[in-house]
Structure formats: C-alpha cells, structure tokens
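Participant: prediction below, plus the sequence it came from.
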Amino acid sequence: MMKKASIILSLIISIMVTQAQNTLAELETYATVDQAVGNITFTNSGDLVYSHHPFFSPARRVVKFDKKTNTTTPFPNLEWNTPRETDDNYLSNVLGIRNDENGVIWMIDMAQRNNVTPKIVGWNTKTDKLERIYYLPESSVPSISQPNDMVVDTKHGYFIIADEGIGNGGDGSKAAFIIVDMKTGKTRRVLEGTRSTLPENTPTVIKGKHLAVSGKDLLVGNDGITADKNFEYIYYGPLNGTKIYRIKTVDLVNEAYTDEDLDSKIETYSEKPNNGGMSIDKDGNIYLTALESNSVAVVSANDKMVKTMVQHKNMVWPDGVSYNHVDGYMYVSAAQVNKGAIFNDGKDQSTKPFYIFRFKPIVKGVSFR
C-alpha cells in the first residue's frame, strides 16, 4: 500500500513539474475581488483601472483598484457610473478600456444595457476631467454590434475598434472594424463579415462543455486586437478562430480603400487558440488569453509558434491582458464568463473570489495601445 501511494505521489509531482516546465513565466496572484474583472488598463502612475465584466450586469461599470486596501472606487467617479434618464453622459456597458501616453483612459461604452448612444469616453487622469466623448452612430455600430476592444493609435490619430458582431442576437456573421478619426470624430465600418473578421466554426469548449446559448454554440467574431510598438501593424483575430491576422495600420485607416482592397493587404500571421484579449511586447511577441486552457499563450516573434506563457486552475476565462509600464508586469483577469447565467440555463454559476494575475513578459511590453 505504501509503495502504491509513493508511486501516485511521484506521478503527481512529475505532472506538476512537467506543467511548470511547459510554461515560460512564473505567475502570481495579484488580487482577489468580489466582481468579475473584464479588461484592465493603468494610469500613467501605474494605478490599476478595470471594467467590471458587463456579462454580469455590474452596478459599477469601471473601477480603480487600491492594492493597499484591496478595495475599489468608481472610475472616473460615481456620477459617471450612475445611469439616469436626463442625459446619457454616463457609462452604460463597458468592457474595452485602454490608456494612452497622455494620461487619458479611453472606455468603449457598448450601450445595449441602457437607451444611450454607443460612445468612446476619454477621462484625463492628470487633470481628473473629461477629455472627450466620441459618439458612435448607427451607421458604424448597428444593432448587432458589440464593440469589444480597441487600439488607441495616437501616432496616426485613430481609434481602431474590434466589433465582435454578437450584440442583440447577432451571430458574429457581421463582425467588423470600426474606425474613428480622433480629430474629426468621423466613424467608418470596414471589413464587415469578411474572412478575417468572421468567426470560424471552432466552438469554445471548456472542460467538455460548449459555450452555448439556448443550445446553439456562440461563435464570436473580431475580438482580440493590438498594435506593435510603432503602430505599424494591427494584429487581430476572431475569438472563435485559428488564425491571427495583421494589416498595416496606414492601410486599414485609408478611406480610399474598399473592403476588397483591404482584404488583399491582410496577412495571415500565425496560428492561435480560441482567445479573448491580446497584448504585445517590444520585440513583437504576442500575448493572448487562451479561454479553453486557463492560460495565457504567447506567439513568438521569432518562429510564430504558440506556447503557454502562464497557466492556473483559477484562471477561468482569462479575458483582458495588459502591460503596466511602471512595474513591468503583464496583468490578466479571470472573468468566469462561461459560468454566467446566459450560458447556464439562467443560473449564475460564477464563484467568488475573482482573480487578477500578473507575470513578467519575455521582454518589456508595449504600454500604450
């Protein structure tokens, strides 16, 4: 009996060692919180700001986290997190959130939850004042839109938004990009329902269970998005899909190009798993949250191979992954989206606490995307 127990113990240790050897970085738990964390960003001084994942209908849409007290406060303040009938200058339904080098945190309000116009809200953390609101008209954000994440390209002067195409019953077949001119506020919808924005028939399966609504697999289009350190290329892909694509930024924002023109300029960059958020480092290694394996994968810039960067049993539905330029860590949320009521016959199966992890990237990350 003792010999059998010893063999089992050795096997467990061997598996643990193998798992450790198969990851490229050490993972640490940065914080545990009471609500699901969506996407993460940072102020210029390194303070963590994140969206509460909208799938759980949070009362506070965006919060700032205080590590010393392990508490949150509404960001930018309570008023902006309080819906009302008199105006729509509040945050209704936020997932995508990014910072820029000027100290502005930009938040995509997808709307849907309240009768408001979708918009991008910029809050200047240096002056603690509203920077600007960019409203997103129906011509660019139709009812099936779900503008999920974005690149804040201050070099060329554009917001480049990945639209999953699953809003209000959308099935991902009209996933697209939304391009917003920072100077004029003009918006355009491009590459809708084309080969690189459409989801593939690769259902999300976690522990043998399909992510499905009313028995139908949810297939999500254009989702993870990032840009290299010089904003030369936009990297992106559908959540449900096996490829990362890239296109030169100057081509994607060029109004003279038709969708057919743009399609001819898209490169298939690498393989990938079904993924949520995406980030990048200064050498071009791409980090992406691998939803089905409780991990963050990395696509090496050298050989374009997909490897496991970090993994943890509590990294359930890793969503946003972002670099903190102050402490040099990549941060990743575990949102437990697959446990939400919509995917479990109306019963919320998520459990507290919700985790925020961090790890050191291979080289320094790119801070402002």
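Facilitator: Everything's here; your move.
Participant: point out where the chain drops to low pLDDT.
Facilitator: Applying pLDDT under 70 to the chain flags the ranges 1-21.
Participant: now do the buried residues in stretch 262-277.
Facilitator: Neighbour-count burial for stretch 262-277, counted by 16 or more other Cβ atoms under 10 Å, picks out 262, 266, 269-270, 272-277. C-beta: built from backbone N, CA, C; applies to glycine.
Participant: now render the residues you listed as TSV, adding distance to Arg369 and secondary structure.
Facilitator: Conversion of those to TSV gives the following (distance: Cβ to Cβ, whole Å; DSSP: H, G, I helix; E, B strand; the rest coil):
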residue	distance to Arg369	secondary structure
Leu262	21	helix
Ile266	19	coil
Tyr269	16	strand
Ser270	18	strand
Lys272	18	coil
Pro273	21	coil
Asn274	21	coil
Asn275	16	strand
Gly276	15	strand
Gly277	11	strand
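Participant: closest to Ile166 among the residues you listed?
Facilitator: The closest of the buried residues of stretch 262-277 to Ile166 turns out to be Gly276 (Cβ to Cβ; 13.1 Å).
Participant: hmm, which two among the buried residues of stretch 262-277 are most spread apart?
Facilitator: Leu262 and Pro273 (25.6 Å).
Participant: doesn't Asn93 make contact with Arg113?
Facilitator: Yes: contact criterion Cβ atoms under 8 Å: Arg113 and Asn93 qualify, at 4.1 Å.
Participant: anything in contact with each of those two?
Facilitator: By Cβ atoms under 8 Å, 6 or more residues apart in numbering, Arg113 and Asn93 have these common neighbours: Pro54.
Participant: tell me the contacts of Tyr50?
Facilitator: Residues near Tyr50 by Cβ under 8 Å, 6+ apart: 37-41, 62-63, 65, 97, 320, 333, 356.
Participant: ok so it is a strand residue?
Facilitator: Yes: the assignment for Tyr50 is a strand, going by DSSP: H, G, I helix; E, B strand; the rest coil.
Participant: which residues does it bridge with?
Facilitator: Ile40, Val63 (DSSP bridges).
Participant: so can I have TSV of the contacts of Tyr50 showing neighbour count and distance to Met305?
Facilitator: Formatted as TSV, the contacts of Tyr50 follow (neighbours: other Cβ atoms under 10 Å; distance: Cβ to Cβ, whole Å):
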residue	neighbour count	distance to Met305
Val37	26	29
Gly38	28	29
Asn39	27	26
Ile40	27	26
Thr41	28	29
Val62	27	36
Val63	21	37
Phe65	20	34
Ile97	24	30
Gly320	28	24
Ser333	28	25
Ile356	21	28
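Participant: let's have these in a markdown table, adding distance to Glu26.
Facilitator: Output for these, formatted as a markdown table (distance: Cβ to Cβ, whole Å):
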| residue | distance to Glu26 |
| --- | --- |
| Val37 | 21 |
| Gly38 | 25 |
| Asn39 | 23 |
| Ile40 | 19 |
| Thr41 | 23 |
| Val62 | 29 |
| Val63 | 27 |
| Phe65 | 22 |
| Ile97 | 26 |
| Gly320 | 20 |
| Ser333 | 18 |
| Ile356 | 16 |
